[in-house]
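> Need the 3D shape of this:
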Amino acid sequence: MSESFSVRFVKCHGAGNDFIVVDETENMQVSDAWKPAFARLTGARGGGIGSDGIIFVSAHDAEHPRMRFFNPDGSEAEMSGNGLRCASRVAWDGHFAKRVPLIFVTKGGYYPTYNFFSREHGLSFVRIHAGKVETNPERVLANHATTPFIAQPVHVDGIPLVGTILSIGNPHMIITVKRLQDIDLNRLGPALEHHPMFANRANISFVEVLDNQKILVQTHERGVGLTLSCGTGMTASVVAHVLNGHLANDTAIEVHTAGGLAWVHPRVTQESITAELTGNATYVYCATTQVQTKGNSLVFSSTPPMVKTKLFPEESAAYDMFARQSLFDVAMLSGTPLEPLVAMRGSVP
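Presented below is the predicted three-dimensional model:
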């Protein structure tokens, strides 16, 4: 028998990386069994609602919220830096109002988050303590090697590349390039994500160093594809290039992406590697969608697939202004799936 249920959510983005955030701190809206199917249905762009990920925020206990993060293909990821900022704002505005810090539980570990309003930019920002960054690639590589993989040669389809593998709750390979515009993103992103060297695929970031305090980053996310930005990808990109001697340590590094601008503050010592990620968490709209079960899948039970209940035009306008500070040339994304999303820098569907 088919069942129908209504789900309330917030569309929120961090640096253009957009998410459907479902607040389940008071009551469960989507049962655990249906969460992957809900992600596949609502995450699809064109015909669905469309997003780079689906986030469920719940109460781990009285003091700690929990974030579960699903990719649009229905797979569950350990962590998302941009997604966590959005989850933190939703929790900060709701059940866990005004707690400092707001410590989230994720599959990738515990992450302290700090919400604040930037008067300079007219936007809500969140700073995340990314915790310990791992250089041991044992959980990332299929051969379970433990020797750090730093600035090592990688070959894909006969193309020589230089990569660094890090884990920030989820697996990353950072590829250093001379000019980002020369990279075939449509080809190399998927080829590297699914490279047999990885135990469970990996997030791939291509990085061009502008100077010792600025980089350009384009990430191909595991289970998503090319995205306007990726929080853990930005963080891993900065740490990798501090380790490689290209970026300054213990200072705020500007990370420029197609979706906008964020800052990563790395702290690399002989004892540990940690980092903080700071960027926007911007509401686009609140909405309700009605879905129903159909065999092992979900379908929308009404047309259109959602009803927007609240818009945030002032936030969107403020972010559009802020995003124009990014030095990323979106013309580099011509011919990629991101081209329709960057017709106007800073816009989010």
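> which stretches of this protein have low pLDDT?
Within the chain, the segments meeting pLDDT under 70 span 1, 343-349.
> how's it carved up into domains?
What automatic domain parsing lists as the domains of the chain is 4-130+281-333, 152-274.
> ok now the last one, how far from the chain's centre?
Read that as domain 152-274. 13 Å (C-alpha atoms, centre = their mean, to the nearest Å).
> What is the end-to-end distance of it?
22 Å (C-alpha to C-alpha, to the nearest Å).
> Likewise for the first one?
Start to finish, the residues bounding domain 4-130+281-333 are 39 Å apart (C-alpha to C-alpha).
> picking that back up, reformat the domains of the chain as TSV; add distance to P340 and mean neighbour count.
Every residue, glycine included, has its C-beta placed from N, CA and C. Output for the domains of the chain, formatted as TSV (distance: least, C-beta to C-beta, whole Å; neighbours: other C-beta atoms under 10 Å):
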stretch	distance to P340	mean neighbour count
domain 4-130+281-333	9	19
domain 152-274	11	20
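> Quick one: closest of those domains to L141.
L141 sits nearest to domain 152-274 of all the domains of the chain, at 6.0 Å, using C-beta to C-beta.
> all helices for the stretch 151-300 of the chain, in order.
Here the stretch 151-300 of the chain has its helices, by DSSP state H, counting those that start in this stretch, at 185-193, 231-243.
> Can you lay out those helices as JSON lines showing distance to Q270?
Shown next, in JSON lines, are these (distance: least, C-beta to C-beta, whole Å):
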{"stretch": "helix 185-193", "distance to Q270": "30"}
{"stretch": "helix 231-243", "distance to Q270": "12"}
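> Any idea which of those helices gets closest to T25?
Among these, helix 231-243 comes nearest to T25, with 21.7 Å by C-beta to C-beta.
> before we move on, the earlier item: so which of the domains of the chain comes closest to A142?
Closest among these, using C-beta to C-beta: domain 152-274, at 4.7 Å.
> ok so, going back, make JSON lines from the domains of the chain and add distance to P137 to it.
Listed next are the domains of the chain as JSON lines, based on distance: least, C-beta to C-beta, whole Å:
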{"stretch": "domain 4-130+281-333", "distance to P137": "15"}
{"stretch": "domain 152-274", "distance to P137": "5"}
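> And those: which comes nearest T146?
T146 sits nearest to domain 152-274 of all the domains of the chain, at 11.6 Å, using C-beta to C-beta.
> quick one, strands of the stretch 51-200 of the chain?
Taking DSSP state E, counting those that start in this stretch as the criterion, the stretch 51-200 of the chain carries its strands at 53-59, 65-70, 76-77, 102-106, 109-118, 123-132, 152-156, 159-167, 171-176.
> residues in contact with the second one?
If I follow you right, that is strand 65-70. 25, 35-36, 38-39, 43, 53-60, 76-80, 83-84, 87-88, 91, 95-96, 102, 104-107 (C-beta atoms under 8 Å, 6 or more residues apart in numbering).
> Any idea which of the helices of the stretch 151-300 of the chain gets closest to Y111?
For Y111, the closest of the helices of the stretch 151-300 of the chain is helix 231-243, at 10.5 Å, according to C-beta to C-beta.
> Taking strand 123-132 as reference, get the angle to that closest one.
With axes from the mean of the first three to the mean of the last three C-alpha atoms, to 10 degrees as the basis, helix 231-243 and strand 123-132 are set at 60 degrees to each other.
> distance of T42 from T309?
According to C-beta to C-beta, to the nearest Å, T42 and T309 sit 16 Å apart.
> If you could redo that for Q181, that was the one I meant.
41 Å.
> got JSON lines for the strands of the stretch 51-200 of the chain, with distance to T257 too?
Formatted as JSON lines, those follow (distance: least, C-beta to C-beta, whole Å):
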{"stretch": "strand 53-59", "distance to T257": "16"}
{"stretch": "strand 65-70", "distance to T257": "19"}
{"stretch": "strand 76-77", "distance to T257": "19"}
{"stretch": "strand 102-106", "distance to T257": "22"}
{"stretch": "strand 109-118", "distance to T257": "18"}
{"stretch": "strand 123-132", "distance to T257": "16"}
{"stretch": "strand 152-156", "distance to T257": "22"}
{"stretch": "strand 159-167", "distance to T257": "18"}
{"stretch": "strand 171-176", "distance to T257": "14"}
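> Out of the ones you listed, which gets nearest to R267?
strand 123-132 (10.2 Å).
> who touches the closest one?
By C-beta under 8 Å, 6+ apart, strand 123-132 touches 14, 81, 84-85, 88-89, 101, 109-118, 168-169, 231-232, 235, 272-283, 315, 318-319, 322.
> Neighbouring strands of it in the sheet, and parallel or not?
According to DSSP bridges, strand 123-132 forms sheet pairs with strand 109-118 (antiparallel), strand 273-280 (antiparallel).
> Those strands: which one's closest to G189?
Per C-beta to C-beta, nearest to G189 of those: strand 273-280, 21.7 Å.
> and the angle for the closest one with strand 159-167?
100 degrees.
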